[in-house]
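A.B. asks: Give the three-dimensional model of this entry:
(chains A and B)
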Protein chains: 2
Amino acid sequence: MSNGKNRVWRLAKRPEGTASDNDLHLAEEAMPEPGEGEALIRTVYLSLDPTNRIWMSDMDQYMEPVKIGDPMRGIIAGQVVKSNTPKMKEGELVMGVGHWADYMLTDGRGLSVIGKPGQVPLAELFGVCSAVGPTAYFGLLHLCEPKPGETVVVTAAAGAVGSVVGQIAKMKGCRAVGIAGSDEKCQWIKDECGFDAAINYKTEDVGAMLDRYCPEGVDILFENVGGSIMDEVLARMNDFSRIALCGLISQYNATEPVPGPYNFKQILMHRIKVQGFITSDFAKDYPKAMAELTQWMGEGKLKFRLDIDKGLENALTSLNKLYDGSNQGKLMVEVSEVAAA
Amino acid sequence: MSNGKNRVWRLAKRPEGTASDNDLHLAEEAMPEPGEGEALIRTVYLSLDPTNRIWMSDMDQYMEPVKIGDPMRGIIAGQVVKSNTPKMKEGELVMGVGHWADYMLTDGRGLSVIGKPGQVPLAELFGVCSAVGPTAYFGLLHLCEPKPGETVVVTAAAGAVGSVVGQIAKMKGCRAVGIAGSDEKCQWIKDECGFDAAINYKTEDVGAMLDRYCPEGVDILFENVGGSIMDEVLARMNDFSRIALCGLISQYNATEPVPGPYNFKQILMHRIKVQGFITSDFAKDYPKAMAELTQWMGEGKLKFRLDIDKGLENALTSLNKLYDGSNQGKLMVEVSEVAAA
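C.D. replies: Okay, the predicted model is just below:
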């Protein structure tokens, strides 16, 4: 294994607008050797997430930006190839913060052992439970405290997080209205995920449709997008409504300063609570969330789609599907296969 | 008394930009006669507040807009002239929601009896405790939960609410930094109100001064203004910081759509909580707030300035001082004098 080469996506420069091959390049490098206290991890799946584009930039953000020349950061599922640390054993499966690379060294920080091959459905567990599920869970339940009968609007509703938000909202007795970018996506969230209504923002008048589907106004907005769609929802929010601000994907490729919502004053007029969050803020509540999420998955109550591209070399092309909305479900790249135990 | 005339400011049309005599006119009308269950109130003080301009507009807002042709709504302190209701007796002093008028009829709703002439320092109690003090109290203490050592930034800091916010912040062991519109105001909030630092946004580089006075970032923003100053503060807010959104006075006279803060994404990146509020949301906690505020006033711990103009006919001219910042302290109009008990 260590005679091979290791491919690593490195950040060459900060992208302006959509990230391209000029910004990240795939370098072929020598296989790293784990030192004392280290392990060598082979990437099995690389998760592609809207926040990846934030990490490439030097905007003020919630983690350190990736440094120029460094391996691109990504959430990975991997397998331990060689271990000089008691924290993980050869053959075990791990999940956490890693690199866009075939292999990486770790001292164990940021990666958790999740089991042995064959013990867990890795793609599903990684795709739904590593970040997506907890993000939906904490954002909706902890920040917005939905009550039965309330109306929950979700943007990017056919996305990995959004589709889970709507399903949890339904479990809690709420009305779920999703906004997505194609008829196919709208159909899927209604038919499979159980949303009460869906709005195709590319072909429909979002304001008029919100008026139709939210006749009693909006109590909760789970916001992934920002921009004009957020303004349409803000205009219809009730007194004491809540916004979980999970993402602003419409802005991540912007090359000019982006104004905040024109309906910002609604926050004052309707005494709205807006709370930005990232999932790791809720680390202490992870076990409870994971237990509930995996139970719902086991009971078939959580529908999801995995959109798995093959080949580390396709990571960047794949990532950009998130920004034009052409992915269908949780996007990831299969970098290698799990080796038998 | 009832042989006299009653002057009433009535809303003639919705203002565009700054409100003028074309939008409100002072009508001379017959003195109203209280019917069964009603009382006649003579206005003593009329409070002028930034929110008055909102009520004149038909924007989506937290109360019904004033209807065209109706008396302009205002917070008043008054005296009962004649009463056909057991809720109030002739000669008693009242505070609450009333009209821009010499006299008004009430069935008691929206007005509270606060005592008899000579029992209370009416101007001070009305100016500081009717709305200003509770607004500062609830916005800072209930929504932002300041901890000792935290940095609190206040916009419109020499305004009635802002100056109280800074003083309560200091009592709670915080660092208070105020932003105001003149050297005189900055001096006053530092020397009299005990703010640690003050920034004159008309003559100083707000961003550079925030860097200087908030070297460890901003934990709490008490926002009264909006616009570019809010953006400068947003750029410097810490993880898990809080914003009490109390007002957006920079926008109330706007004639074009106003964009939200360009640094809106900071709410996401730094997991900021933004909460809009109005004081009446906290009605159940009023007694405790009033008790503390009046105690602080009695102990001389709360400094304040009253900016009292004379004559109902000057109400509109006086109001517009709020929007160009030429008022100094809590702005009100003295409409009549308290009659001896």
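
A.B. asks: what is the residue in chain A positioned nearest to chain B paired to in the beta sheet?
C.D. replies: Distances between chain A and chain B by Cβ to the nearest Cβ are smallest at A:Gly260, namely 2.6 Å. No exception for glycine: its C-beta is placed from N, CA and C like everyone else's. When bridges are taken as DSSP bridges, the partners of A:Gly260 come out as B:Gly260.

A.B. asks: my read: it touches B:Pro261, true?
C.D. replies: Yes - under the criterion of Cβ atoms under 8 Å, A:Gly260 lies in contact with B:Pro261, with a separation of 4.4 Å.

A.B. asks: Show me where chain A dips below the pLDDT cut-off.
C.D. replies: Across chain A, residues meeting the criterion (pLDDT under 70) sit at A:1-3, A:341.

A.B. asks: List, one by one, the residues from it near chain B.
C.D. replies: Neighbours of chain B within chain A, by Cβ under 8 Å from any Cβ of the partner chain: A:54, A:59-62, A:226, A:235, A:239-240, A:245-248, A:251, A:257-278, A:281.

A.B. asks: Buried ones among those residues?
C.D. replies: Judged by neighbour count, with 16 or more other Cβ atoms under 10 Å in any protein chain shown as the criterion, the buried members of these are A:54, A:59, A:61-62, A:226, A:235, A:245-248, A:251, A:258, A:260-278, A:281.

A.B. asks: Can you tell me which of the residues you listed end up in strands?
C.D. replies: Among those, the members falling in strands are A:Leu245, A:Lys273, A:Val274, A:Gln275, A:Gly276 (criterion: DSSP state E).

A.B. asks: Would you point out the most distant pair within those?
C.D. replies: Distances among these were taken as Cβ to Cβ; the most separated pair is A:Lys273 and A:Gly276, at 11.2 Å.

A.B. asks: what domains does the record give for chain A?
C.D. replies: A:5-120+A:305-334, A:132-281 (automatic domain parsing).

A.B. asks: So what's the residue count around the residue nearest to A:Arg175 when sequence neighbours are not counted?
C.D. replies: Nearest residue to A:Arg175, sequence neighbours excluded (Cβ to Cβ, 6 or more residues apart in numbering or on different chains): A:Thr151, at 4.6 Å. By other Cβ atoms under 10 Å in any protein chain shown, 26 other residues sit near A:Thr151.

A.B. asks: Kindly report the same for A:Gly115.
C.D. replies: When neighbours are counted by other Cβ under 10 Å, A:Gly115 comes out with 13.

A.B. asks: The residue nearest to it when sequence neighbours are not counted: what's it in contact with?
C.D. replies: Counting by Cβ to Cβ, 6+ apart, A:Gly115 lies nearest to A:Leu93, which is 5.5 Å off, once chain neighbours are set aside. Contact criterion Cβ atoms under 8 Å, 6 or more residues apart in numbering or on different chains gives A:44, A:77-80, A:113-117, A:119-120, A:122, A:338 as the residues in contact with A:Leu93.

A.B. asks: cool, and A:Val152?
C.D. replies: A:Val152 makes contacts with A:140, A:144, A:146, A:165-166, A:169, A:174-177, A:218-222, as judged by Cβ under 8 Å, 6+ apart.

A.B. asks: hey, what's A:Ala197 bridged with?
C.D. replies: Legend: beta-bridge partners of A:Ala197 under DSSP bridges are A:Val177.

A.B. asks: Test my guess that it contacts A:Ile189.
C.D. replies: No - with contact taken as Cβ under 8 Å, A:Ala197 and A:Ile189 are classed as non-touching, separated by 9.3 Å.

A.B. asks: Output the contacting helices and strands for the longest strand anywhere in chain A.
C.D. replies: Within chain A, and with DSSP E defining each element, the longest strand by residue count is strand A:73-83. With contacts defined as 3 or more Cβ pairs under 8 Å, 6 or more residues apart in numbering or on different chains; DSSP states H and E, strand A:73-83 has these neighbours: strand A:39-47, helix A:51-56, strand A:93-99, strand A:103-106.

A.B. asks: between the contacts of A:Val152, which has the most around it?
C.D. replies: When neighbours are taken as other Cβ under 10 Å, the top entry among these is A:Val165 (34 neighbours).

A.B. asks: what's the closest of the domains of chain A to B:Met332?
C.D. replies: If you check each of those against B:Met332 by Cβ to Cβ, domain A:132-281 wins as the nearest, at 22.9 Å.
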